[in-house]
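Asker: Quick one, structure for this:
(one chain, ligands or ions: 1)
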Amino acid sequence: MMDRTFKQAIRISLCSLLLLAAGCGGPKKDADAAGGIEQAPDTMAIGQQSFGTLPDGREVTRYSLRNTSGMEIGVINLGGIITDWTAPDASGNYEDIVLGFDNLEPYLDGNPYFGALIGRYGNRIAGGSFSLDGQAYTLAKNNGENHLHGGVKGFDKVLWQAEPRQSDAGNTLELTYRSPDGEEGYPGNLDVKVTYTLSEAGELDILYEAKTDKPTVVNLTQHSYFNLSGDFSRPITDHMLTLQADAYLPVDAGLIPTGEIRPVAGTPFDFTQPKTIGAEIDADNPQISLGGGYDHCWILNGPDAGFRKVATVTHPPSGRRLEVFTDEPGVQFYTGNFLDGTLPAKGGGTYARRSGFCLETQHYPDSPNQEAFPSVRLDPGETYSSHTKFKLTTN
Ligand code: GLA
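Answerer: Numbers count the residues shown, from 1 in each chain. From the prediction side, this is the model:
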């Protein structure tokens, strides 16, 4: 089985040849100091290639968004899944820093939402039910007694229309999907558009928009698992996290918020100052026990401040830094507690527990059933809009 680096070299070389043939190749960058793979030409580019075929015969396509520094993000139109994100470390070594699979099949069976767009409702809805204007709606209970991530066939499992284009902002992939009235039990025909844009500054900008023809609920998010070391065999417990959140939502045994808003001060949930993810991940704390580590929604400071920086993760050994910006009120910080070493890792091996972390920007879990939480209702004539940016740089 070809190892990942060799495959990457093949892919970048093929892409370079295509770009050169198209007359849009730029000067090749020298191989990095470590004698690693040659970098792509200094050209913004959007490639596309087959990623396989669904059981019903529909084609899955991988789109590659690249910037002139050689950063590349791979996205497939199945679930808007980010399959790979290749980025430099402080020494200029390019490595993939998101969990995923080398081919389509594992994405079709048992994917723990690696890289996926999530909807109609990201996170949980208690009891798989909610009411709107006196009308009760029943959803799949696909997570114990609760509904998770849009149900059995959420947005992570549908085929999106994909439209690649270049703009001044960078390389863009526009994904659209019509969720029909009643799909997974939700009311209203929902037209969704998610726009991924990779900038020259290494920012993945994500804009979510949706419209409905009936009152409904919407809470979209992106479920990439990051490992900034670029080595999927290493745990993420040595990463440093800063989270601009003075409070979080304690949960019950089903990971449904109890409704209490609890200060983080003096608890393992306090990341207001940089702290390694592993420092208190196994602390003797009832909420840590319920989550099997961190698997909670933090209430982000400045909810009225609109689009702001809410989190920073650094990996000192590689020098990589991830900054997260959003206009959302909450973020689910999940430390891959359910990964169990059974899923095949890219390049070989498997994904062990805590080999990746997620920062899923969102409204709070179970908001349709908790009036005190910010509303997730969307009415006809309104536009749902949510904006998140992941900025990947080096120290
Ligand atoms: C979210 C949930 C976790 C887990 C993952 C997917 O992060 O909060 O409990 O279900 O999705 O595995």
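Asker: residues contacting the closest residue to residue 133 other than its chain neighbours?
Answerer: The shortest distance from residue 133 to any non-neighbouring residue, by CB to CB, 6 or more residues apart in numbering, is to residue 215 (6.3 Å). All C-beta atoms are positioned from the backbone trio N, CA, C, and that covers glycine. By CB atoms under 8 Å, 6 or more residues apart in numbering, the contact set of residue 215 is 132-133, 187-188, 377-380.
Asker: And residue 215, how far from residue 369?
Answerer: Residue 215 sits 15 Å away from residue 369, going by CB to CB, to the nearest Å.
Asker: Please apply the same query to residue 251.
Answerer: With CB to CB as the criterion, residue 251 and residue 369 are 14 Å apart.
Asker: Comparing those two, which shows the higher neighbour count?
Answerer: Higher neighbour count among residue 251 and residue 369: residue 251, with 20 against 16, using other CB atoms under 10 Å.
Asker: I'd like to know which residues of the stretch 201-350 of the chain are adjacent to the ligand.
Answerer: 255, 295, 332, 334, 338 (CB under 6 Å from any ligand atom).
Asker: out of the residues you listed, what pair is the most spread apart?
Answerer: 332 and 338 (13.2 Å; CB to CB).
Asker: who has more neighbours, these two?
Answerer: Neighbour count, other CB under 10 Å: between residue 332 and residue 338, residue 332 has more, with 24 against 12.
Asker: Next, the residues that contact the strand or helix carrying residue 147 from outside, please.
Answerer: Using DSSP states H and E, the element containing residue 147 is strand 147-148. Contact partners of strand 147-148, identified using CB under 8 Å, 6+ apart, comprise 121, 123-129, 139-142.
Asker: Could you count how many residues lie near the closest residue to residue 333 other than its chain neighbours?
Answerer: Ranked by CB to CB, 6+ apart and with sequence neighbours excluded, the top spatial neighbour of residue 333 is residue 294, at 5.1 Å. Residue 294: 26 surrounding residues under other CB under 10 Å.
Asker: cool, residue 200 as well?
Answerer: 13.
Asker: Now do the same contact list for it.
Answerer: 44, 67-69, 170.
Asker: any idea which of those residues is closest to the ligand?
Answerer: Checking the contacts of residue 200 against the ligand by CB to the nearest ligand atom gives residue 170 as the nearest, at 27.6 Å.
Asker: from memory that closest one sits against residue 196, does it?
Answerer: No: look at residue 170 against residue 196 with CB atoms under 8 Å: they stay out of range, at 9.6 Å.
Asker: So those two - more neighbours on which side?
Answerer: The neighbour comparison of residue 170 against residue 196 (other CB under 10 Å) goes to residue 196, with 24 against 21.
Asker: where does the more buried one land in three-state SS?
Answerer: Judged by DSSP: H, G, I helix; E, B strand; the rest coil, the three-state class of residue 196 is strand.
Asker: Around the ligand, pick out the residues from the stretch 1-150 of the chain.
Answerer: Applying CB under 6 Å from any ligand atom, we find that the stretch 1-150 of the chain lies next to the ligand at 112-113, 123, 148.
Asker: Scan those residues and report the most crowded one.
Answerer: The residue in these with the most neighbours, by other CB under 10 Å, is residue 123 (27 neighbours).
Asker: returning to what we had before: and the contacts of residue 215, which are buried?
Answerer: 132, 187-188, 378 (16 or more other CB atoms under 10 Å).
Asker: Any figure for the gap between the closest residue to the ligand within the chain and residue 91?
Answerer: Going by CB to the nearest ligand atom, the ligand is nearest to residue 334 of the chain, at 3.5 Å. Residue 334 sits 30 Å away from residue 91, going by CB to CB.
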